[in-house]
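Visitor: using only what follows, build the 3D model:
(chains A and B)
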Amino acid sequence: MPLHRAGLFAARAVLLAAVAVAGAADKPTEKISPDQLAFFEKKIRPVLVTKCYQCHSAEAEKVKGGLLLDTREGIRMGGATGHAVEPRDLKGSLLIAAIRGEKKDQLMPPKEKLPPEVIADFEKWVLMGAPDPRDGKRTMVSSQQSAEAKWAFQPVKPVAVPQPKDSQWSASDVDRFVLKKLEEKQLKPVGDADPATLLRRLYFDLIGLPPTPEQVQTFVKDCGVPSPHSAFRTPHSALEKVVDQLLASSHFGERWGRHWLDVARYAESTGKERNFAYPEAWRYRDYVIASFNADKPYDRFLREQVAGDLLPAKDAAQRNELLIATGFLALGPKGLNERSRDQFIMDTVDEQIDVTTRAALGLTVSCARCHDHKFDPIPQRDYYAVAGIFKSTETHFGVGGGEKGKNRQPSTHVPLVKTYSPAPVATTPATSVAAESPVAKKLTPEMEAKLKKFAEKNSKAALRLKSMNETEKVAAYERFFGTGDAASAKPARPAKKAAKYPETPAAPKTLGEPNGQLAMAVLDGKPADCPIYIRGELEEKGPVIPRGFATVVGATGPAKIAPGQSGRLELADWLTAPENPLTARVMANRVWQHLFGEGIVSTPDNFGATGERPTHPELLDFLANRLVANGWSVKQLIREVVLSRTYRLSSATDAKSFAADPENNFLWRSNQRRLDAEAIRDGILAASGQLDLKAPVGSPMSTLGDTDLSRGARSVLKADARHRSVYLPIIRDMLPEALDLFDFAEPSLVVAAREVTTVPSQALYMLNSQFVYENAVAMAKRFQGTSADPKERIQAAYLTALSRPATAAEVARAEGYLKTHAAERGGSPETALTTFCQALFASAEFRYIK
Amino acid sequence: MNTNRPFDCRQLQPLALTRRDMLKSVSAGFGYLAFAGLSAQAAPTYQSPSLPKAPHFPARAKRVIFLAMQGGPSHLDTFDYKPKLTADAGKAGDKGRLVAPVAVFKQRGQSGLWISDAFPQVAQHADELCLLRGMHTDIPNHPQAFVQLHTGSARFVRPSLGAWTLYGLGTENQNLPGYMTIAAPIALGGAQNYGSAFLPASYQGTRMDAPPSTGPVVRKSNKTDTGTNQGIGNIRNTHLSADAQRAQLDLVQSMNRDLLATAGANPEVEGIIESYELAFRMQTEAPKVLDLSKESAATLNAYGIGQGSTDNFGKQCLMARRLAEAGVRFIEVCHQGWDHHSGLKGRIASSCAAVDQPIAALLADLKQRDLLKDTLVIWGGEFGRTPGNGSADGRGHNAKGYSMWLAGGGVKPGLSYGATDDHGGKAVEDKTHVHDLHAIVLHLLGLDHEKLTYRYAGRDFRLTDVYGQVPKAILA
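Guide: Numbering: from 1, shown residues only, chains lettered A, B, ... in the order given. Below you'll find the model as predicted:
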C-alpha cells in the first residue's frame, strides 16, 4: 500500500495560519491578462471593498454566512449556501443572484440594490472567468485569534529538558519540567507521599484495584524507614518493581482499556428512540482490553480501529482481530426509527467523524457539518472531504429488522473466519446495502408512474421519493393507493409486511471460511465523493468534495486514495503520521490526565481554540515526543510518568503555595481524586472477597435478539455479576446502577473526562443498596473468626478496605461502635461487624485516592 | 454520642479546589477569574450543585408540572375548534377523507375559549388556560417527536428540559430530588427524555414507576434494587432501625470529618458529608411526600382516585401537587395511549375521561393553595393528529399543527394563541415550534434561553440550539 506521506503533509510547515483549501491550494496563481487585472481593480475590487467586506472579510467583526469575499479562494468557495462565484457560470454564481436580488429577502448588499451598471460589470467579470489577483489564503479565523489559540496545530518540536536550580529534587526529566515551572512561579513541592498511600494510588491508577493487605505490607517493608541521606521517601528500586508488576498485570488493560472505551462511546445497544441490543459489541471491548495489555503501539491501535478491515493480516486470528477493531466505527448510537435511508447514512457518517476526530485529534470536526467551524480553522469542505471517506464505507452494526420492523434500518454483522484468504489487491466491495437486498415486491412501471404523478402535486413527497429505494417506494405506493391495485399481482399478506418492515440484508462475503462467529465491523462500500450538504440538509446539495482530510492539520489537496477503496486506510495513515501535530499530543495528555486527575490540557477532547491552553506546553511536547520515540508504547509513557518525583508527591497542603496556586495547576502537590465508578464497585467486591478476577466470556447482552430493550433488559442488569465492572453490560439509557450513580461516562457521547458529582443518591446507595449490604456481610464474614481480639479485626478491616492500618484513635472509635451496636441496639456481634464494614465502604476515604 | 450535632464548617482547614470543582461550584455569571484572586482563607467551600440559584431575571414560575400526553392527542377533537372540518367532513383532504371532530365544541368561561366536550372538567378552567393552537414540531414519528419534545433534538443526545431547568435554577427542597418524572415510558427514548446528557449527572430526572392500581399508598416495600436506577432508588434501609442506622451514619461521618481535617483534603469531602445528611433526611421525607394516604377522602375523590379509569392519572396528579408543594422544581407525569389511528370516537372519550377529572382537580387544588400563580402547568403530547386519515374513524400523526396549553406561572390566562388552517392540518398563524415552547418555559422560570448555556466539546450548547422565540403575547 503506497503511503504518499509526503503528499499528505505540506513539507514547508504544518501550521497554516490560514486554511489551505483543497483544490484552490493546488494552483497558487492564475494567469490574468493586464486588461483583466485592470477591469478587476477598477470595477470589481472597489465594490467588494466598500459594499461587501464589512460582513464578508477576515476583518469583519462578525462574518456573515461563513462567506469571505476578500480572497480569490474565498469568493470561489463561497459560504454556507454554496459557491459565490463560479467562473463563466452566471447561474452557478450565487453572488450574481444575490446582487440581482433574485430571491426575496436575499438581496445583497441588504436593502441596497447596486446600480444596474455595477451588476452588469459583475456579470461580465464572471463571464470572463472571474479573474482575480487576490492570492491570499481564505482566513476564517479572525486575526484576534492569534497563533496562541492555534498552538495545537503547530508541529511537535524537540524540546530541550530544562535545568531547574535545584538539581537534587528531580527523579526524571518529567520532574525537571515540572520543577522548572514551580521555581518560576516561586512554588515549592510538598514532600513525598508515604509508601502505603503511594501504593494505593499506583494500584488504582494502573489496574483499578486496591492492593491487598499483604501487598501493602510488602511494599512498606521494601521501602524501609526513611533514610536521612535521601530526600526520597520511596526507593526507586521498590517503586520500579511494583510499577513493572502492575504494568504486566492483565488487569492493566481492564483499567486503561476502559479509559479508551469512554472515548469510544462504547455500549452494547443502539440507544435513542428504539433501543436494540448490540449482542456482539463485547468483542470490541475485549479487543481494547487485550490491546492495552499487549501494549499495542498506539498508532497501530488507531489504524486498526479506523481501517482494520483494509490492513493485511497474517492469519485468520489476526484478520478477526482487525475486523473487530473496526467495531469502533460501528457501535455508536443509532436512530433506528429514521425513515430516510440517506439521512440515516449521513447521521452514521457524522457520528463516525465525531468519534474519530475527537478520539484521535481532540478536535470537533463535526461542527462543520452545517457550516464552517466557528472557532477552529475547519471549513465545511473539510468535513465533507472526510464524510466522503465514511460514506464510502458500509457500517455493519448487526441489528436485524426484528420485532415487527421497529427497526427501520436493519443491518448485519460481519462473519469472522477460521481460514483467511486475502482478496486480490482491489477488493470487491461487499454487497449488502439494504437497497440491493431482494425485495419482496416489485415496483411496476405503472406504480412508479402513479407515484410520480402524485409527487408532482406534492413537493415534499417528491423529495422523499427521490431518496427511497424500491422497497420503500412499494410501501409508499401501498400507503397512498392501497394494495388491491391492479397494477401488481394480488399481494400476499406477508409481502406487505416485508415491504412495510424492512428486511435484514444479507451478510457480506468473508475473505475466508466463516467460523460461525460474528462481529460489528465496517467494510468498504462503493467509493464515492460526497457533496456538501448545505446547512447539513440532505435536500440542498453543494459541490462534490474530493475525499481528503482536515487541511488545518497539514493535509493539502485531495487524498491519494487507492482506486476502489474508501480512503479509510489513508485516513488512518494520516491520523498516525509522525507529522500529525495532534495525535501524539492528545494521547500523551490523556495518559497524564488519568494519572493526575487533570490533563496538561484540561479539555482533553478539545485542543481547538475554545479549549484550555496547556499548563506545561513544553512538557506536553516532551511527552508526545517520548510516546512516538518509544514506538508509541503507552506502557512506557505511563512508566516514565509514574516513576517521576511529581507523581510521588503527597496531597498535603501548604498555605503559601495554596495562596499562589489554589488549583494546583503547577503540581506542587498531588490532587486528591475520587475513584471512578468501576473502581468503587471493584473495590467493594475486592474488600469483601467476592470479586471474580477472571474475565467472563462474552456478555449477557449476547443472548438478546433483535428487540427493543424495555423491561426485558432488566434481567440482564439484575444478573448477579461478580466480575470486574468493565464487564458489566452497558445498555444505553439503562446503565447498571452502581456505575450510573457515580458519574459513569454517558455512553452515547464521546467522553474524554468524566464529571465528578456528589449527590444524595450516592449516599443512599452506600447506606441502603442490596449490593453494598451483601458485600458488607461477606467482608464481615472474612474477619469474623480470624481473631479473638476485636482490635485485630478492626485493623484487618482497615487494611483491606483502605489499604492502611488504623490509628489508635480509629481503633478505639470502632471498638466503641461495635460494642454499642451489639449491646444497646440489640444487634449481634456479626451484624455489628457487618454494619462497621458497610461504614468503611460508605466512608469518603474509601472512594478517594489521596 | 450526640447524634444530631450540626457540622461546623468554621473548624475547617483552608480548603483547596481542583479546577473542575471550581468551575462547578461557581454559579452562572460569577466568573472563575473572580475566584483566582481569593486567598486560601476565603476559599469557597463545597456547594451542592442542586442549591437554588438566582434566575437571569425575575421569574414568573418557580416550578413546572408537565402533563405529558404520549401518543399525540388529537387537537381537532379537544382544543382546536374547526367548524369547517365538520362542514367538510367526508371530502378529500391532503391525507385522505376529512374526519369530523368527534366531540362537540362550546365556548367556555369569561374568555369564551372553544373547548370540546371531551374535556368537560378542564373546560371549567378555561379562564386559566393559555391555549397554544399553532404548535408544530419536526418529525411525525412518536420516538423522535417525544424525544424532541423533551430535549429539543431528535438527532443528537441532548439534556432534557428538566435537566436544563435544574442546571439553571437548582431546587428548593434539598431533601428531595429536584426533578422527578412519574410513569415515563421505558421506550421512546427512555431515560434520554429525563437525562442530563453532557450536563452533570446530578441534574438528571429521578424516575418513579406508575402508581400501583389499587390503594392510595404509593410504595411500601423497598423494591428498588432492580439493578437499574429506577425510582428513588434505595430509599429504605431494610436491615437497620432508624436509630441503628443513625449510629452507623455517625460513625461514617466522623470518619469523613477526620479525612476532611487532614491537610490537603479535597473540599468535595464536605459535599459527601452533606450528601449523607441529605440522604438520611430524604429517607423520611420522600416516602412522606409520596404517601397519599394522609390526603382527605374529599381530595382523593376530587382527583378521581379509586374511581376506575381516573385512578392512575389521579394519583400521578396528586403526587405532582404534593411534590410541587414540597419544593420540587420540575415534575413530569405521563399518560400514554393517545395514538388514535382508529376507533377515534370511543378512544378520544376514554383517553380524555382518564385525565380530565385529575387535571381539573390539579388546577383547582393548585389554585386553592395559591400555588398556581407560580407553578407552570404544561399539557400536551409530541404532536397532534391529521384532519383526515383515509379512514373514517381515526387520525394520523400531524407534526405540522397541533395544540398544547399552559396554565399558571405567568402565562396570560383565557388566551388562545396561534392558529391552524381551516381544517386544523397545519399551523399558519403565530406558529409555536417545540423550540419556542422550550424558550417560553425557560423564560417563565426567569431564564434566558440564549444565555443558559453549557460548554461541551468546545462549544456552548443551549436547550434551544439556535432557535426559540418567546411570544410576548402569551405573557401575563
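
Visitor: the closest residue to chain A within chain B: neighbouring residues, count only.
Guide: Closest to chain A within chain B is B:Pro143: 2.7 Å, counting by Cβ to the nearest Cβ. Every residue, glycine included, has its C-beta placed from N, CA and C. Around B:Pro143 sit 26 other residues, with neighbours defined as other Cβ atoms under 10 Å in any protein chain shown.

Visitor: same thing with A:Ser787?
Guide: Other residues close to A:Ser787 by other Cβ under 10 Å number 13.

Visitor: the residue of the stretch 501-650 of chain A found nearest chain B: what's its closest spatial neighbour, skipping adjacent residues?
Guide: For the stretch 501-650 of chain A and chain B, the shortest gap (Cβ to the nearest Cβ) falls at A:Asn606, measuring 3.9 Å. When the adjacent residues along the chain are set aside, A:Asn606 lies closest to B:Gly458, with 3.9 Å between them (Cβ to Cβ, 6 or more residues apart in numbering or on different chains).

Visitor: so the residue of the stretch 501-650 of chain A closest to chain B is in contact with A:Cys367, correct?
Guide: No. If you go by Cβ atoms under 8 Å, A:Asn606 and A:Cys367 don't touch, sitting 10.7 Å apart.

Visitor: what do these two both touch?
Guide: B:Gly458 (Cβ atoms under 8 Å, 6 or more residues apart in numbering or on different chains).

Visitor: what strand or helix carries the closest residue to B:Phe79 other than its chain neighbours?
Guide: Distances taken as Cβ to Cβ, 6+ apart put B:Ser403 closest to B:Phe79, at 4.3 Å, once the chain neighbours are dropped. Element membership of B:Ser403, judged by DSSP states H and E, is strand B:402-407.

Visitor: helix or strand next in line after that strand, which one?
Guide: strand B:415-417.

Visitor: averaged pLDDT, that following strand. What do you get?
Guide: Strand B:415-417 shows a mean pLDDT of 97.

Visitor: cool, and stretch A:516-535?
Guide: 91.

Visitor: in it, what's buried?
Guide: Neighbour-count burial for stretch A:516-535, counted by 16 or more other Cβ atoms under 10 Å in any protein chain shown, picks out A:518-525, A:527, A:529-534.

Visitor: taking the residues you listed, tell me the two that lie furthest apart.
Guide: A:Leu518 and A:Ile534 (38.7 Å; Cβ to Cβ).

Visitor: once you drop chain neighbours, what's closest to A:Leu310?
Guide: A:Leu569 (4.4 Å).

Visitor: how about the one you found, secondary structure?
Guide: State at A:Leu569, reduced to three classes by DSSP: H, G, I helix; E, B strand; the rest coil: helix.

Visitor: my guess is it contacts A:Pro312, does it?
Guide: No. Using Cβ under 8 Å, A:Leu569 makes no contact with A:Pro312, being 10.6 Å away.

Visitor: so the two - more neighbours on which side?
Guide: Legend: neighbour count by other Cβ under 10 Å for A:Leu569 and A:Pro312, higher for A:Leu569 (23 against 9).

Visitor: any idea how far that one lies from A:Thr326?
Guide: According to Cβ to Cβ, to the nearest Å, A:Leu569 and A:Thr326 sit 12 Å apart.

Visitor: again, but for B:Val377
Guide: 50 Å.

Visitor: just say helix, strand or coil for the residue of the stretch 501-650 of chain A closest to chain B.
Guide: Following three-state DSSP, the label given to A:Asn606 is coil.

Visitor: can you pull the contacts of it?
Guide: A:Arg358, A:Gly362, A:Leu363, A:Thr364, A:Glu612, B:Ala457, B:Gly458.

Visitor: and stretch B:137-154, end to end?
Guide: By Cα to Cα, to the nearest Å, the extent of stretch B:137-154 from end to end equals 11 Å.

Visitor: can you give the distance from it to the centre of its chain?
Guide: Taking Cα atoms, centre = their mean, to the nearest Å, the mean C-alpha location of stretch B:137-154 is offset from the chain mean by 16 Å.

Visitor: for that stretch, give the mean pLDDT please.
Guide: 92.

Visitor: can stretch A:321-331 be found next to chain B?
Guide: No. Using Cβ under 8 Å from any Cβ of the partner chain, stretch A:321-331 stays clear of chain B, with a minimum separation of 14.6 Å.

Visitor: near chain B, which residues of the stretch 501-650 of chain A show up?
Guide: A:Gly597, A:Glu598, A:Ser602, A:Thr603, A:Asp605, A:Asn606, A:Gly608, A:Thr610, A:Gly611, A:Ser650.

Visitor: mind saving the C-alpha coords of the helix or strand containing B:Gly134 as CSV?
Guide: Secondary structure assignment for B:Gly134, by DSSP H and E: strand B:129-136. This file holds the C-alpha atoms of strand B:129-136, laid out as CSV (Å, rounded to 0.1, in the frame of the first residue of the first chain):
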residue,chain,number,x,y,z
LEU,B,129,-55.7,28.3,30.2
CYS,B,130,-53.4,29.7,27.6
LEU,B,131,-54.0,27.6,24.5
LEU,B,132,-51.1,27.3,22.1
ARG,B,133,-53.0,26.4,18.9
GLY,B,134,-50.2,26.9,16.5
MET,B,135,-47.8,24.3,17.8
HIS,B,136,-45.6,22.4,15.3
